[in-house]
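In: For reference, the sequence and a predicted model appear below.
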Amino acid sequence: MAVSEIAGELARVKGAFAQPTLTLLHQRQAAVVITIFRAAFGRSNKPIPTARLHSQVEEYLAEVRLAGESEVPSGSGRDVC
């Protein structure tokens, strides 16, 4: 890579880290959040109606708590989303 390509790549990466999505990875609960997103969206990447997503997230949070995980976000499915 040329120097200008590296500078461009660095700018793209910094831009990505400035997005709210990547800030999730800096939380104690990141593993739980990513697990819930993966479960909700799977590999199909199909849209989910908002109300359904909120319900799914609440169900997943309850399951994760029952599994004994202590680092679980608090609030409703809507709050967590």
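Out: The structure has been received and is ready for your questions.
In: Please, where are all the helices along the chain?
Out: Secondary structure of the chain by DSSP state H: the helices cover 3-17, 20-23, 30-41, 50-66, 77-80.
In: In a markdown table, list those along with mean pLDDT and mean neighbour count.
Out: To be clear about C-beta, it is placed using only N, CA and C from the backbone, and glycine gets the same treatment. Formatted as a markdown table, those follow (pLDDT from 0 to 100; neighbours: other C-beta atoms under 10 Å):
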| stretch | mean pLDDT | mean neighbour count |
| --- | --- | --- |
| helix 3-17 | 75 | 10 |
| helix 20-23 | 73 | 10 |
| helix 30-41 | 82 | 16 |
| helix 50-66 | 90 | 15 |
| helix 77-80 | 89 | 16 |
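In: spatially speaking, which residue is in the middle of this protein?
Out: residue 34 (4.3 Å; C-alpha atoms, centre = their mean).
In: where's that one relative to residue 8, distance?
Out: 28 Å (C-beta to C-beta, to the nearest Å).
In: And residue 27, how far from residue 72?
Out: 11 Å.
In: neighbour-wise, which of the two wins?
Out: residue 72 (16 against 12; other C-beta atoms under 10 Å).
In: Compute the distance between that one and residue 13, please.
Out: 30 Å.
In: Excluding sequence neighbours, find me the nearest residue to residue 78.
Out: residue 54 (4.5 Å; C-beta to C-beta, 6 or more residues apart in numbering).
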